[in-house]
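1. Pasting the sequence and the predicted coordinates here, then a few questions.
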Amino acid sequence: MAPLLQKRFFCSEVPKKWAVKQVTKSNFAESMEEIKHDISTSDFVAVSLQKTGSFSAPWHRAHPFDTAETSYYKAKYAAERFQIFQFAVCPFSVNASKLVAHPYNYLLFPRDELKLGMPSYSFSCQTSYLTSMAREGFDFNACIYDGISYLSRAQEDKAKIRIGNPRPSPLILDSTSTPSVADALFIERVKSRVIQWKKTCKKTKENTHDALMNSLRKLILGSEFYGSRPCITIDVCTERQVKLALEMLRDFADELVPVLIPGRSGGTQAVRVVLTSSQEDKDLFESELQRLEEEENKKVRGFREVIDLISASQKPVVSYNSLNDLTFIHSKFIAPLPPTVDEFASSLSKIFPCVLDVSHLMTFIGPLRKVTNIPVAISSSIVISLHQLILKSFTKACLIALIETVIDLLVMPCFGFTAADNEGKIHGHNAVRISHLFAKLCSILKIDPNSNTSDSQVLSAPALTESTNIFNALSTSFEESIDEEISVWTKSKRKVNCEQLVYLWGFGSENTAGKLKTMLHNSHSIFSEEFDIRLVDKSCAVIVFWQPGLAEKFLDVMNNIEKISGSLREMVSEGLRAASYETYKRACKLDIWEANLGESLDRALEDSEYLIEATPESTPIEISCSSDSVINYNDL
């Protein structure tokens with residue numbers, strides 16, 4: 001039974017093998033071959049980011065009342081403001097009852113390595129995040145001076161244009177379209193010039209005595225040298241002429257190699273034709289061009305090479321909070337974030353087709369639904385595993401498992417470190433923790449992750465399928481400190497349409513949700529029906545009308561002063577305001593991120609230029625209000 005116990009508990013002997021490799025600019029190149037091998041031989045890749053900030057105000061976080069769309073707006077805002085200083089990557093597999101992990105921690109700092117004046121980096125920092133990093137021993141000097149820089153894919157395309165390095169181009173087949181008179185004249189002129197240039201080059205080799213005549217021929221024909229090889233430049237005005245020139249050069253494919261010269265504003269400025277002496281010389285020259293291009297690409301990409309490796313592997317990416325992490329990754333390493341969550345999901349699927357969210361996977365295990373801290377989640381999962389085993393049969397083997405579990409709990413605070421590592425501050429262990437937690441969750445849910453991930457069987461488990469490509473982040477990153485309590489709205493999950501929500505503000509900062517509910521009960525007959533209320537922040541509350549249609553009726557009352565009477569009229573006269581979910585969504589979409597939600601809603605209502613799309617939806621958008629995820633701000 002020992003192998004079974006080891007598989008269930010992943011005992012404390014394993015972490016000793018998981019020393020986190022710290023990677024900076026000085027050892028980045030040598031680490032690339034290692035991580036390339038580790039990714040190719042692993043089944044999953046866990047990632048974890050250390051950022052300079054996240055959410056500036058309580059309502060900026062994703063909440064249970066957020067749809068995928070509003071959650072994305074919030075994550076997008078944070079990703080565009082803050083920067084990544086550490087990027088932990090952990091390729092891992094669960095093989096024969098052992099978790100095999102290869103953790104790396106990359107220190108990042110964006111800078112203009114190529115001296116091109118682009119990109120001009122700027123980002124925000126939150127003092128709480130920097131203080132926490134300093135407390136953990138983060139070396140800011142090493143980050144600034146030895147952090148690895150990078151360019152996104154979109155930035156790389158622009159940088160290549162600015163650099164203007166020549167790039168090899170294959171000779172293309174004849175065009176199927178009929179050439180125009182202008183095309184024919186261009187082809188004949190260029191062909192005649194290339195033929196004369198070739199003859200001159202050969203005559204120069206045969207007769208080196210008349211240096212003056214040779215020099216004049218080169219000057220007239222525009223002959224130059226590409227390294228030690230003669231070349232000629234063909235100026236082009238359009239991409240059509242580039243294509244025509246490459247088609248024409250097919251007749252000289254045995255000796256000539258075309259090289260494209262990019263223009264400063266994009267496109268191709270000229271075609272440079274290089275003359276080689278033999279097939280062997282031609283192969284050597286093409287290899288040189290390819291090597292130079294790869295070296296230049298490495299300089300341009302920087303850390304993004306790691307992202308490209310993960311993407312090329314097509315391995316499932318495992319994250320604790322996928323929406324927040326993946327918006328940062330897309331923004332920094334792929335391209336600017338698109339305006340909608342659907343466009344984001346479509347763009348991301350081309351880079352990472354399978355993203356597993358561990359925080360969502362935890363919701364399938366009751367005791368873990370309220371946990372928002374990775375070390376606590378790991379410790380809890382060990383206890384759950386032990387409890388399952390004891391319920392099955394209390395034997396001597398269970399006592400052995402109990403001892404192993406206690407040891408595992410004791411080593412968990414420094415999980416991922418060896419004894420030697422603890423002599424200094426080692427970072428990046430969160431990615432190891434995520435891989436460890438993922439393995440334990442699979443064990444509890446009786447999911448076998450040993451199958452090759454290229455086989456769809458490993459993702460056929462319902463829990464994994466439902467935790468894949470989740471872009472409605474309701475959990476807070478474990479890197480943040482959580483002081484608020486998790487309160488209860490209902491004893492079980494209840495889904496409501498967004499149209500059943502109303503945002504209320506202007507009631508004074510001293511009120512609590514309980515006081516507001518009591519005041520509203522006595523203010524209007526609408527509140528005689530079932531409703532609930534919670535504070536989003538100190539300025540604003542959200543009301544859930546459980547009966548459809550009441551929210552619209554209440555908003556109609558609030559917008560018509562003649563329909564208001566009694567205590568509600570008095571509250572309105574003192575500044576009470578209300579708005580629909582559409583107004584809240586509008587504030588997020590327009591990037592109105594005031595510290596107080598009430599102020600953001602005021603601005604959203606005042607924005608007369610914004611037109612609300614009245615397109616009816618075939619399927620109502622629903623949100624889930626449950627006891628597992630609703631935050632209570634009453635005690636702030």
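-> Perfect, I can see it now.
2. quick one: contacts for residue 517?
-> With contact set as C-beta atoms under 8 Å, 6 or more residues apart in numbering, residue 517 has these partners: 531, 532, 533. For glycine as for every other residue, the C-beta is placed from the backbone atoms N, C-alpha and C.
3. Check what pLDDT the second one gets.
-> What that stands for is residue 532. Confidence per residue is given as pLDDT, and for residue 532 that number is 88.
4. Bridged to it, which residues?
-> Each beta-bridge partner of residue 532 is listed here: residue 544, as defined by DSSP bridges.
5. Pretty sure it sits against residue 542.
-> No: under the criterion of C-beta atoms under 8 Å, residue 532 makes no contact with residue 542, lying 9.0 Å away.
6. between these two, who's got more neighbours?
-> Set side by side, residue 532 and residue 542 give different neighbour counts by other C-beta atoms under 10 Å, the larger being at residue 542 (23 against 17).
7. That one looks like it's in a helix, true?
-> No: remark: residue 542 does not belong to a helix; assigned using DSSP: H, G, I helix; E, B strand; the rest coil, it is strand.
8. Distance of residue 449 relative to residue 556?
-> To residue 556, residue 449 is 53 Å away according to C-beta to C-beta, to the nearest Å.
9. Oops, could you answer that again for residue 236 instead?
-> 66 Å.
10. out of those two, which sits in the busier spot?
-> The residue with more neighbours, out of residue 236 and residue 556, is residue 236; 22 against 11, by other C-beta under 10 Å.
11. For that one, which residues are in contact?
-> Residue 236 is in contact with 242, 245, 268, 269, 270, 271, counting by C-beta under 8 Å, 6+ apart.
12. Now do the phi/psi pair for the third one.
-> Main-chain dihedrals, residue 268, degrees, to the nearest 10: phi -110, psi 130.
13. Buried residues of the biggest strand by length in the chain, list them for me.
-> If you go by DSSP state E, the chain has its longest strand at strand 84-95. Along strand 84-95, these residues count as buried under the neighbour rule (16 or more other C-beta atoms under 10 Å): 84, 85, 86, 87, 88, 89, 90, 91, 92, 93, 94.
14. And stretch 336-344, by the same measure?
-> With the criterion 16+ other C-beta under 10 Å, stretch 336-344 contains buried residues 337, 338, 341, 344.
15. Give me the contacts around it.
-> By C-beta under 8 Å, 6+ apart, the list of residues contacting stretch 336-344 reads 68-69, 71-72, 76, 79-80, 154, 327, 330-331, 347, 471.
16. So which of those is surrounded by the most neighbours?
-> Of all the contacts of stretch 336-344, residue 72 has the most neighbours under the rule other C-beta under 10 Å, reaching 28 neighbours.
17. you'd agree it is up against residue 327?
-> Yes: under the criterion of C-beta under 8 Å, residue 72 makes contact with residue 327 at 7.4 Å.
18. Am I right that residue 578 is in a strand?
-> Yes: when classified by three-state DSSP, residue 578 is found to be part of a strand.
19. And the pLDDT at it?
-> As predicted, residue 578 sits at a pLDDT of 92.
20. can you check the one 10 residues further on too?
-> Reading off the confidence values, residue 588 has pLDDT 93.
21. Now do the helix or strand encompassing it: which elements does it pack against?
-> Counting by DSSP states H and E, the element that carries residue 588 is helix 581-589. Where contact means 3 or more C-beta pairs under 8 Å, 6 or more residues apart in numbering; DSSP states H and E, helix 581-589 is packed against helix 68-81, strand 501-505, helix 597-606.
22. which ones are touching the closest residue to residue 503 other than its chain neighbours?
-> Counting by C-beta to C-beta, 6 or more residues apart in numbering, the nearest residue to residue 503 once its immediate chain neighbours are dropped is residue 579, at 5.0 Å. Contacts for residue 579 were tallied using C-beta under 8 Å, 6+ apart; they are 502, 503, 555, 601, 604, 605.
23. Weed out the non-buried ones from these.
-> The buried subset of the contacts of residue 579 - by 16+ other C-beta under 10 Å - is 502, 503, 555, 601, 604.
24. Out of the contacts of stretch 336-344, the closest to residue 263 would be?
-> residue 154 (18.5 Å; C-beta to C-beta).
25. Show me what counts as buried in the longest helix seen in the chain.
-> Taking DSSP state H as the criterion, the chain has its longest helix at helix 181-206. Within helix 181-206, the residues that count as buried by 16+ other C-beta under 10 Å are 183, 186, 187, 190, 194, 197, 198, 200, 201, 204.
26. Any idea which helix or strand in this protein has the lowest mean pLDDT?
-> Taking mean pLDDT, DSSP states H and E as the measure, the helix or strand of the chain with the lowest value is strand 485-487, at a mean of 28.
27. circling back: next one: the residue nearest to residue 503 from residue 533, what distance?
-> 15 Å.
28. Can you tell me the element residue 132 falls in?
-> With elements taken from DSSP H and E, the one containing residue 132 is helix 127-135.
29. Format the contacts of stretch 336-344 as a markdown table; extra columns: distance to residue 526 and pLDDT.
-> Below are those laid out as a markdown table (distance: C-beta to C-beta, whole Å; pLDDT from 0 to 100):
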| residue | distance to residue 526 | pLDDT |
| --- | --- | --- |
| 68 | 30 | 87 |
| 69 | 28 | 90 |
| 71 | 29 | 91 |
| 72 | 32 | 93 |
| 76 | 36 | 95 |
| 79 | 40 | 94 |
| 80 | 40 | 93 |
| 154 | 50 | 86 |
| 327 | 39 | 95 |
| 330 | 43 | 95 |
| 331 | 43 | 94 |
| 347 | 43 | 93 |
| 471 | 35 | 66 |
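30. follow-up on the earlier one: report the angle between the helix holding residue 588 and strand 501-505.
-> 70 degrees (axes from the mean of the first three to the mean of the last three C-alpha atoms, to 10 degrees).
31. Outside of helix 581-589 itself, list whatever touches it.
-> 65, 67, 69-70, 73-74, 498-499, 501-503, 597, 600-601, 603-605, 607, 610, 612.
32. Okay, angle between that helix and helix 597-606 too, please.
-> Orientation check (the same axes, to 10 degrees): helix 581-589 against helix 597-606 gives 100 degrees.
33. So what angle separates the directions of helix 581-589 and helix 68-81?
-> Following the same axes, to 10 degrees, one obtains 20 degrees for the angle between helix 581-589 and helix 68-81.
34. Would you indicate which residues of helix 581-589 are buried?
-> Taking 16+ other C-beta under 10 Å as the criterion, helix 581-589 shows 581, 583, 584, 585, 586, 587, 588, 589 as buried.
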